[in-house]
Each structure stands twice: as structure tokens, then as C-alpha cells.
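Asker: Would you be able to build a 3D model of this:
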Amino acid sequence: MNLDFSPQELQFRDEVRAWIKEAFDPGLKALMARTKNGYLDKEGQVRWQKKLFERGWAAPNWPEEYGGPGWSPAQRYLFQAETAAAGCPTVSPMGLKMVAPVIMKYGTPAQKARFLPPILRSDIWWCQGYSEPNSGSDLASLQMRAERGNDAHGEHYILNGSKIWTTHAQWADWMFCLVRTSRDARRQDGISFVLVDMRTPGITVAPLPTLDGPVEGQQEVNQVFFEDVRVPVENRIGEEGLGWTYAKYLLEFERGGSYGPMLRQQLAKVARIAEKEPGEDGARLLDDPGFRRKLAELHMRAAALEASELRLFSNVSSGTSIGAASSMLKLVGTETIQAISELAVEAAGPYALPFVQDGWGELQGRATGPKVGPDYAAPLAPRYFNYRKASIYAGSNEIQRNIIAKLVLGL
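Answerer: Numbering: from 1, shown residues only. Coordinates of the predicted model:
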């Protein structure tokens, strides 16, 4: 595989760098310095994504006919690498990367016209309604009912039940949601994929506290309750009962993102911390052989993953779906980012203790104390705790191993 970039591609890289230097302003950088997961509060997130939209770069993977930039795989990779290296915010995936491809492939012309332009502009915010209190990795066991009805307002579904671990539901304008429309012998055949306006009467959003703490502006997951919520049948994507097919297609995009550039950026942060922090003998931690070995092992793991990503993503340009290989990327990528977050906490030592920094709120009712340690240490423990979920969301890594065994290795 040729890993050299052409002069035109290197010129594009320089163009991206110049744009980042101007667009990634001090206000956004200050917000990113405190993020626990690469995302900002809604105001900051929308501000960043609208800058991308104005430049025409909000949706690198979208076809040109829907507003994508028409980039080659190399350009998409360079863009991801440069934004990650600069520490730019991560684009919220729910609309641009997850529901949009489903609407493009399975939606009606009216649905595409209605939803794709505002998704591209980040004018509407999305959340995902998949998991339920008793249906996580075994998602096909979901129970949220969608009973079909008819009244003066037309044909509709009536939704009752709840969804859980719903990221940023408190900000969302719309939810893409899996609901049970029938009780077939095969559970997957009774599921449909619907789009729900979060302003509909009967929807209640309740925040869920998490171990990474109540960081201001970064409250993340929720439980969403539905009580006789009316959803027009025209908001269903595709055919009734085929939602499982559409959900699996969406999961390819949720699982199959590029981890390599982000991992390199996070490893560079760990190295900078280790340059500043002393080891047990008072010398730089970065000079400790044991620590250097851990850092080198993670660099090798990240490099191997990035090479695999380049190989797999090159197939996408020829129209080949990434398919079950997305499980491999998700498995290795999430476990590597967890290991990096753990090493970052080790590098910072006692300064990584969370919730002692000004402005980090309260943990279980205990007020924060005075600022302790360097600023770079403040987000490390919240980030460590936040990334514990990475090996669970989008299908737990145990599930990914099963998929790889069956569909990739043919076992």
C-alpha cells in the first residue's frame, strides 16, 4: 500500500492547517482544554460545526449531491489527522454521521429534502433512541411499543416506554428511534425505525449522573420517557418491521470511525505530561524505562490500527461497504483510547484527582475545594471515567468479538 501523499494532497493538508489556525479561535480552545470527551456544550459545538459548514467541510463523508465536499479517502484522512492534531472539537455524530446516511439510503425524497439540509447546517440536533433499561447489547429484545392509530390529524404511531443512556437528549430537537411495531416470532422482524420530534407532548428527559462527574455544560446521558407520544407514520424510515436492517447499517458508521489521528493526539498529550512530571527518583517520568515501554506499546497499537483504517477506508471510495470490519475498528480503537486515558492519569499522578478544580461542580454533594495542580490535569480523571463506556456503546466489545468471529473470520 502506497502511504505517500501526492503534492496536491499535501497542498490540501496545508489548506486545512491554515483554516484551522483561523477558525479554531481562543474561545473554542479554552472550552476544549476542559472537555472530558472531545465535545463541547451545545453552544460551542454548534458554533464549531457551523464554521465547518460555512467552509463546506461539515460532512466529509457525504456525497456531493447532498452537500459533501467530494473528497478522496486521502483528503478525508488528512482532514481528520489535522483537526485531531490541532485538538479541534469532535463533530457530534448523531446527525451528520449516523442518521443522515440512513436517510440518504432508505429515506423518501420528502424525508431527504426535509432533514438533510438542516442536519448539514447543524440547525437541528439529534439523539439516538436505541438502548432501553432491559435491552442493551441484546438490543433486539427492546420493548418500547409503537401502536398504530388514526385520528383527525392522520395516521400515526403511539409510543410508550423509555430509552436510556441517551446522549445529549436534553439538547436534541429530534430522536432517531427503534420501536416495536409487532410481536413476530423473530424479534428483529417486529422493529421499526422512526424519527421523533422531541417537542412532542408526552416526552420527558431525565438526566443520569455518571462517574465522570457533573462538569458544567457537559452533562451527557439521560433517560427519555414516552407516554402516549404521537408520531406521524410519515416519520418512519423505510418499511415497517425492517428497522433492524436500517439500525445495523447505521451501526457501521457509529462503529467504523477513524481512531488513528485522535489516538496520536492523545498520546502526544501523555508524552507532554510525562515530560513535566517527576518519577519516584525525581527525574522526568518520560525517562523512566517502564513508563516509556507502556507509551511505546500504545504508539505501536495506534499505528497498527491507523494502517488498518487506511486500508479499509480505501475500499469505501470504490463503493464497498466497510461492513463487519467496523467491529474490528471499534474494538481496538475503544480499548486503545481507554488504555491511553489510564496512562494519562498515571502520568499526572495525584494531580489527576478529579473535582478539586474550580468550576467542576459537585460530586455526590461534596463541594469542590481550591484549585490543585496544573490546568492540564483537570480533565484527566473525568476523561478516564468517561471513556469506560467506550467499550460498551455501539454494541459492547464482547459483541464485537462475536461479530468478528462469525462474519470476518468465518468461525
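Asker: end-to-end on stretch 175-184?
Answerer: From its first residue to its last, stretch 175-184 covers 25 Å (Cα to Cα, to the nearest Å).
Asker: ok, and what's touching that stretch?
Answerer: 94, 98-99, 102, 126-130, 139, 142-146, 148, 157, 159, 161, 163, 166, 169, 189-196, 198, 224, 237, 240-241, 243-244, 247, 250 (Cβ atoms under 8 Å, 6 or more residues apart in numbering). Any C-beta I mention is one placed from the backbone N, CA and C, and that applies to glycine too.
Asker: just stretch 92-103 next, same as before
Answerer: By Cβ under 8 Å, 6+ apart, stretch 92-103 touches 39, 45, 49, 58-59, 61-62, 66, 91, 111-112, 115-116, 119-120, 122, 124-128, 167-168, 172, 176, 193, 195, 237, 246, 249-250, 253-254, 257.
Asker: Buried ones only from these, please, as a ChimeraX command.
Answerer: To isolate the buried members of those in ChimeraX, using 16 or more other Cβ atoms under 10 Å:
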select :39,45,49,58,59,61,62,66,91,111,115,116,119,120,122,125,126,127,128,167,168,172,176,193,195,237,246,250,253,254,257
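Asker: In strands, which of the contacts of stretch 92-103 fall?
Answerer: The strands, defined by DSSP state E, take in Trp126, Cys127, Gln128, Phe176, Phe193, Leu195, Ile237 from these.
Asker: With Ala271 as the reference, measure out to the nearest residue to the second one once chain neighbours are set aside.
Answerer: Excluding the flanking residues, the one nearest Cys127 by Cβ to Cβ, 6 or more residues apart in numbering is Ala172, at 3.8 Å. When Cβ to Cβ, to the nearest Å is applied, the distance between Ala172 and Ala271 equals 37 Å.
Asker: which residues touch stretch 137-153?
Answerer: Applying Cβ under 8 Å, 6+ apart, the contact partners of stretch 137-153 are 129-132, 134-135, 155-163, 177-181, 187-188, 191-192, 194, 226, 230-233, 244, 247, 392, 395-396, 398-399.
Asker: same question, stretch 38-57
Answerer: Contacts for stretch 38-57 (Cβ under 8 Å, 6+ apart): 19, 23, 27-28, 31-32, 58, 69, 79, 88-92, 96, 120-122, 125, 168, 171, 217-218, 262.
Asker: Report the buried members of the contacts of stretch 175-184.
Answerer: 94, 98-99, 102, 126-130, 139, 142, 144, 146, 157, 159, 161, 163, 166, 169, 189-196, 198, 224, 237, 240-241, 243-244, 247, 250.
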